[in-house]
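> give me the fold of what follows.
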Amino acid sequence: MRIRQAVLAAMLAGATIAAPFPAAAAQPPVQVRIIAFNDFHGNLEPPDGSSGQIDGVDAGGVSYLASHVRALRDGVRHSIVVSAGDLIGASPLISGLFHDEPTVEAADVLGLTYNAVGNHELDDGADELLRIQHGGCHPVDGCATDEIYPGARFRILAANVIDTATDKPLFPGSAIHRFGAVRVGFIGVVTRSVPTLVAPESLAGLQILDEAAAVNREAAKLRKQGVEAIVVLVHEGGWQTGDIDECAGASGPILDIVERLDPGIDVVISGHTHQAYRCELDGRLVTSAKSFGRLLTRIDLTIDRKTGEVLAHDADNLIVTRDVTPAPDEEALIARWKTLADPVANEVIGTLTEPIVSTPSDSGQAPAGNVIADARLDGFADDGVVAAFVSLGSVREDIEGTSADGSGDLTYANLYAVEPWGNTMVTMDLTGAQLDALLELQFDNPSAGEQRWLQVSHGFSYTWSASAPAGQHVDAATIAIGGVPVEPDGTYRVAVDSFLAGGGDGFVTFTEGTGIEGGSPELDILEAWFRGQDAVSAPADDRVTAAP
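Below is the predicted model of the structure:
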């Protein structure tokens, strides 16, 4: 009471009174570290050859990836691990044989929190991806182990993958993650080109929307909830010509997507093109970490504690070197799954006199691609098929034996590595004019950064010229089957995989085929062919001729 009276008296006297407590000091911003990767494709073990290197440095393997992630998180109060899609799918045998459950387990051990859906996550359709997220044993193959598969602890985000039955996203489009006093929104989308990248049956009941439009809708929802810091995980990307931390001559679909994004988007973590870059586009940080777990992107955000806005960002791509101690828990995981896979992986299914490479000649034909096409033709010859095709982009590895020079025993593991996609076979009728149109698509519908080549079966031949006008690169008069020129209005039964049948790699003319019938898994056709052969050599490069 006496204190109050003294204060009141002083006020009446006009005296200045000191504040009883000092003014609160300004709170420092919050530092958040995002550790990102993309296009892991189930590469639990270190990838081989050039696929396991970055700039000549051996890189990759989930045990080393985990060690690098943990080093980046050590001593950092706020951190998170995210992926921009294709975590699973097109995986090596150790994961793919078990429907990628081993990769999901490894990602959980790694500490992954969010994964944007990639096109390969959709390879086996919506129901299978829902199982991957929520758990349960495979409906056909059952449980891979004695325990029921528990599902992923990380969350799949898919703002532009719509379930047509509900008209809602198949998975949440975004998530809000709290880092102390601030919140960050994460949005996940997949490339809108998914319909050209997976078999049509895999997209049954699904619709793929425009990436930027879906992101902007989610961003608006996040801002209504008071979230100002927003990170996009997009399974689409681009190309550049510089080092892994540069953005020289940037090109590709990611530029258009970023240009159309809501101004409130701060960071875009991309993938799909298996490239490395660190760009500043329209005031945003845009990154990609190549593929197979060979790179990590470190992104440090400075976020205003009061407004929640990103004040600054810094990032770099880091090589996942193998000169660190591999994470013991991931090593144990690999050993356990490898023990289960080895009896199948090591089974000998054929013999090679030499390695059959997947690198194309000047004609655009690769021996491995031609062998796969031959297997398809021979496998469906009794069904009236006279030609077979495979996209060179679908031939992932050389066909190699177990000997040091690449000859010798061919194991199931190697064959699986060549065709890990899980596609089924399709037969259809095409006219001679449609065959001509298909071959022209190799030249007039190229994907950025690489040429699209169709590999053809034995007995199919034609001549092309790079210097010819657009639409006339292929000499239609030279297209022949068994030495007999095809007739424009003639009908020819062909065999392709379900990916191509759906217009994959831009070969949309396949979608015009008639008399379509489904067939066996593509890998079963290739395996059966090798089991029925004597020692196999690379076929002669005489099917396609490149004229001046």
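> so what's the spatially closest residue to residue 307 that is not a sequence neighbour up against?
Of all residues beyond its chain neighbours, the one nearest residue 307 is residue 228 (6.3 Å), with distances taken as C-beta to C-beta, 6 or more residues apart in numbering. Heads up, the C-betas are built off the backbone N, CA and C, glycines and all. With C-beta atoms under 8 Å, 6 or more residues apart in numbering as the criterion, the residues that contact residue 228 are 264, 307-310.
> now list the buried members of those.
Among the contacts of residue 228, those scoring as buried are 264, 308, 310 (criterion: 16 or more other C-beta atoms under 10 Å).
> and these as TSV, adding secondary structure, pLDDT and distance to residue 358?
As requested, these are arranged in TSV below (DSSP: H, G, I helix; E, B strand; the rest coil; pLDDT from 0 to 100; distance: C-beta to C-beta, whole Å):
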residue	secondary structure	pLDDT	distance to residue 358
264	coil	93	44
308	coil	98	49
310	strand	98	43
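> and which of those is nearest residue 455?
residue 264 (46.1 Å; C-beta to C-beta).
> check contacts around the closest one.
Residues in contact with residue 264 (C-beta under 8 Å, 6+ apart) are 219, 223, 228, 230.
> so which of those residues are in strands?
residue 230 (DSSP state E).
> ok, of the contacts of residue 264, which come out buried?
219, 228, 230.
> now do the contacts for the residue nearest to the last one when sequence neighbours are not counted.
Leaving aside its sequence neighbours, residue 230 sits nearest to residue 185 (C-beta to C-beta, 6+ apart; 4.5 Å). By C-beta under 8 Å, 6+ apart, the residues touching residue 185 are 174-177, 218-219, 222, 227, 229-231.
> max pairwise distance over the residues you listed: which two?
177 and 219 (15.0 Å).
> where are the low-confidence patches of the stretch 401-548 of the chain?
Residue ranges of the stretch 401-548 of the chain with pLDDT under 70: 445-451.
> hey, where'd the helices end up in it?
For the stretch 401-548 of the chain, helices defined by DSSP state H, counting those that start in this stretch occupy the ranges 412-418, 432-444, 498-501, 522-531.
> next one: the chain
In the chain, the helices defined using DSSP state H lie at 2-12, 62-73, 93-96, 101-110, 125-134, 211-224, 253-259, 328-345, 367-379, 412-418, 432-444, 498-501, 522-531.
> for the first one, the averaged confidence score.
Averaged over helix 2-12, pLDDT sits at 43.
> and the two most separated of the contacts of residue 228?
The largest distance within the contacts of residue 228, taken as C-beta to C-beta, falls between 264 and 307 and amounts to 12.1 Å.
> what sits against the spatially most central residue of the chain?
For the chain, the residue nearest the mean C-alpha position is residue 86 (3.4 Å; C-alpha atoms, centre = their mean). Applying C-beta under 8 Å, 6+ apart to residue 86 gives the contacts 38-41, 118-121, 235, 271-272.
> check residue 314 too.
So, once contact is read as C-beta under 8 Å, 6+ apart, residue 314 ends up touching 299-300.
> let's go with 6 Å and repeat that
Contact analysis of residue 314 by C-beta atoms under 6 Å, 6 or more residues apart in numbering lists residue 300.
> and stretch 274-291, average pLDDT?
Throughout stretch 274-291, pLDDT has a mean value of 96.
> re the thing from before, of the contacts of residue 185, which is the nearest to residue 101?
The nearest member of those to residue 101, counting by C-beta to C-beta, is residue 175 at 23.0 Å.
> distance check, that closest one against residue 416.
Between residue 175 and residue 416 the distance is 34 Å, computed by C-beta to C-beta, to the nearest Å.
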